[in-house]
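Student: fold the following and give me the result.
(2 chains)
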Amino acid sequence: MNWIADNIGLILELALAHLWQSAIPIVLGFFLSLPLGWVAWRYRLVRGPVVVLTGLLYTIPSLALLILLPALIGVSTRDPANLIIGLTIYAIAILVRAVADGLDSVDPAIRQSATAMGYGGLRRFWTVDFPLAAPVVLAGLRVTAVSTISLATVGILVGVENLGYLFTNGLQRRIIAEVFAGVIAVVLIALIIDLLLLLAGRALMPWTRAMKTPNAARRPARIVRAAA
Amino acid sequence: MNVFAEAFAWLFSPERLEGQYALPVLLGQHLFYTVISVLIAAVIAVPVGWLIGHTGRGREVAVAISGAARAVPSFGLMVLLVLLLGVLRVPEAATITFVLLAIPSLLAGAYTGLEAIDRRVIDAARATGMTEWQIFWKVEVPLGMPLLVGGLRAATLQVIATVTIAAYVNLGGLGWPIIQGIPLRRFDQVLGGAILVAVLALVADMLLALAQRAAVPGGIRAAKPGSRTPRAARRAAAIEPAAAEPATASTT
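Tutor: Modelled structure (predicted):
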């Protein structure tokens, strides 16, 4: 474990690169998925193709996607932008479904009451539909965040440096501690971001706790412990 | 689109059928590791998942495992196992990684399949005098089959993606032209390999999607995503964050 103490600067530097390479896809994926998910939910005809297309993109293995993307859009393979675009595509694939499912979960009676009270389309979306769909969207966002952070390590195979560097370098130099440090660092970052999303959800959606029956309220609490 | 022309020229060159790294050999290795790993994982995960689904006990543990597994980078885990077991045991180390990766999806597919069954159906089976064993084999297993095949689909795709990466530890497979070509800047070979891997994943996904459809017992209509009631969607999200994932969840 001396290796970790001696190279803590390198680990932190890679962790920082890792963090922004995965944070951008998570945030970008979230904001792109909102309109896409809404369209998929609102127009049934669009929903099928959107779900199928994002499903197909999600099916393509990451290493293949990181090679195909540069060939298609002309970005350099080693450019962090390549990894960021690839991870954004995966994030959108998960989140579009989550947004559409979340909007499905809103009771139509509530939507009708809002319309009856004179809410216009946009105001109703932001003040009624979206907040009520948010718990489902948040569940999708947490899945997205954790898998994006862990998937980002594949970037090193096409030359994008992040915590994945500890895996390839550790293998070449046969340093178990280095690889171990990389795995732990990735898991830690993923769990911290997951916890932050969970806390943000609690702060922004205080009604999700109040609304639940005693029986249902225990379940998310267990999931929290499970994730942490 | 010149790069794609070169990639296809590489793919369809007669040399691709020769030697130790002939494409059919690499494809065979890729399929071999995928099938073996998913089978081993199924032998472990499906009985456990069925037990959880039938008894309703221990699902917290299963959710915890699936949640934690998602955070572990599979590439890192594989490299770690290769170093721990020694470089001579790469196939074993890689297979262990693939099995560990495939277990959470199969486990979730097995127990959610049983959990999703309307309790009244099971009560009705019990009321007609079926034994617990008959309820399990004749009611729960067939009705849970579509979700189990869904889990199998997710697990298989995840393993296909990770076998690609395993070329980095010299396992062979279709990732080999990619991993070997990058440092040599052989872009035709790299892109050709990537195309093959993508096609393999898409074909496997399509076949398993058909299997998933075929697994729906006669007389039962598979619920379409859009036809879920608001309450069912809310419940799904509250119980299992993974419910928000697409059917083919977790790529690597």
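
Student: can you list contacts of stretch B:77-91?
Tutor: With contacts defined as Cβ atoms under 8 Å, 6 or more residues apart in numbering or on different chains, stretch B:77-91 is touched by A:167-168, A:170-171, A:174, A:176, A:179-180, A:183, B:33, B:92-94, B:96-97, B:100, B:162, B:165-166, B:168-171. Just so you know, the C-beta spots here come from the backbone N, C-alpha and C atoms, and that holds for glycine as well.

Student: tell me which residues in it are buried?
Tutor: By 16 or more other Cβ atoms under 10 Å in any protein chain shown, the buried positions in stretch B:77-91 come out as B:77-83, B:90-91.

Student: could you work out the end-to-end span of stretch B:8-15 for me?
Tutor: The first residue of stretch B:8-15 is 13 Å away from its last residue (Cα to Cα, to the nearest Å).

Student: in it, which residues are buried?
Tutor: Buried, per 16+ other Cβ under 10 Å, within stretch B:8-15: B:10-11.

Student: can that stretch be said to contact chain A?
Tutor: No: counting by Cβ under 8 Å from any Cβ of the partner chain, chain A has no neighbours in stretch B:8-15; the shortest distance is 11.8 Å.

Student: how far is that stretch from where the chain is centred?
Tutor: Offset of stretch B:8-15 from its chain centre (Cα atoms, centre = their mean, to the nearest Å): 30 Å.

Student: just the ones in helices from the buried residues of stretch B:77-91, please.
Tutor: Counting by DSSP state H, these place B:77-83, B:90-91 in helices.

Student: pLDDT added to those, as CSV?
Tutor: Below are these laid out as CSV (pLDDT from 0 to 100):
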residue, pLDDT
B:Leu77, 96
B:Met78, 96
B:Val79, 96
B:Leu80, 96
B:Leu81, 96
B:Val82, 95
B:Leu83, 95
B:Val90, 93
B:Pro91, 94
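
Student: so which of those residues is the closest to A:Asp79?
Tutor: B:Val79 (24.0 Å; Cβ to Cβ).

Student: all strands for chain A, in order.
Tutor: In chain A, no segments count as strands under DSSP state E.

Student: what about the closest residue to B:Arg153 other than its chain neighbours, how many neighbours?
Tutor: Once flanking residues are discounted, B:Arg153 sits nearest to B:Leu208: 3.9 Å by Cβ to Cβ, 6 or more residues apart in numbering or on different chains. Residues lying near B:Leu208 (other Cβ atoms under 10 Å in any protein chain shown) number 21.

Student: wouldn't B:Leu208 be in contact with B:Gly151 here?
Tutor: No: using Cβ atoms under 8 Å, B:Leu208 is not in contact with B:Gly151; the gap is 10.3 Å.

Student: how far away is the most centrally placed residue in chain B from chain A?
Tutor: Most central in chain B under Cα atoms, centre = their mean is B:Ala155, positioned 1.3 Å from the mean C-alpha point. For B:Ala155, the distance to chain A (Cβ to the nearest Cβ, to the nearest Å) stands at 13 Å.

Student: what helix or strand is B:Pro183 on?
Tutor: Assigned by DSSP states H and E, B:Pro183 belongs to helix B:176-184.

Student: residue boundaries of the helices in chain B?
Tutor: With DSSP H as the criterion, chain B has helices at B:2-11, B:23-55, B:59-71, B:74-85, B:90-115, B:119-127, B:132-134, B:141-165, B:176-184, B:187-214, B:230-239.

Student: so can I have JSON lines of the ones you listed showing distance to A:Asp79?
Tutor: Listed next are these as JSON lines, based on distance: least, Cβ to Cβ, whole Å:
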{"stretch": "helix B:2-11", "distance to A:Asp79": "16"}
{"stretch": "helix B:23-55", "distance to A:Asp79": "28"}
{"stretch": "helix B:59-71", "distance to A:Asp79": "26"}
{"stretch": "helix B:74-85", "distance to A:Asp79": "20"}
{"stretch": "helix B:90-115", "distance to A:Asp79": "28"}
{"stretch": "helix B:119-127", "distance to A:Asp79": "53"}
{"stretch": "helix B:132-134", "distance to A:Asp79": "59"}
{"stretch": "helix B:141-165", "distance to A:Asp79": "20"}
{"stretch": "helix B:176-184", "distance to A:Asp79": "14"}
{"stretch": "helix B:187-214", "distance to A:Asp79": "15"}
{"stretch": "helix B:230-239", "distance to A:Asp79": "36"}
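
Student: figure out which of these is closest to A:Ile11.
Tutor: Among those, the nearest to A:Ile11 by Cβ to Cβ is helix B:74-85 (13.1 Å).

Student: kindly export that closest one (C-alpha atoms) in CSV.
Tutor: C-alpha atoms of helix B:74-85 as CSV (Å, rounded to 0.1, in the frame of the first residue of the first chain):
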residue,chain,number,x,y,z
SER,B,74,-15.4,-4.1,-14.8
PHE,B,75,-12.1,-3.4,-16.6
GLY,B,76,-10.4,-2.6,-13.3
LEU,B,77,-11.8,-5.7,-11.6
MET,B,78,-10.5,-7.8,-14.5
VAL,B,79,-7.0,-6.3,-14.4
LEU,B,80,-7.0,-6.8,-10.6
LEU,B,81,-8.0,-10.5,-10.9
VAL,B,82,-5.4,-11.0,-13.6
LEU,B,83,-2.7,-9.6,-11.3
LEU,B,84,-3.9,-11.6,-8.3
LEU,B,85,-4.2,-14.9,-10.1
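
Student: if I look at A:Leu204, how far off is A:Ile4?
Tutor: Distance, A:Leu204 to A:Ile4, by Cβ to Cβ, to the nearest Å: 36 Å.

Student: A:Ile67 now?
Tutor: To A:Ile4, A:Ile67 is 32 Å away according to Cβ to Cβ.

Student: the more surrounded of those two?
Tutor: Under the criterion of other Cβ under 10 Å, the comparison of A:Ile67 against A:Ile4 puts A:Ile67 first, with 29 against 17.

Student: show me the contacts for that one.
Tutor: A:77, A:158, B:178, B:190-191, B:193-194.

Student: before we move on, what about B:Gly129?
Tutor: Contacts of B:Gly129 (Cβ under 8 Å, 6+ apart): none.

Student: just the pLDDT for it.
Tutor: Per-residue pLDDT puts B:Gly129 at 94.

Student: what of the one 4 residues further on?
Tutor: The confidence metric pLDDT takes the value 92 at B:Trp133.

Student: and for it, the neighbour number?
Tutor: For B:Trp133, using other Cβ under 10 Å, the count is 8.

Student: any idea how far chain A is from it?
Tutor: Where chain A is concerned, B:Trp133 sits at a distance of 30 Å (Cβ to the nearest Cβ).

Student: same deal with B:Ile40?
Tutor: For B:Ile40 relative to chain A (Cβ to the nearest Cβ), the value is 21 Å.
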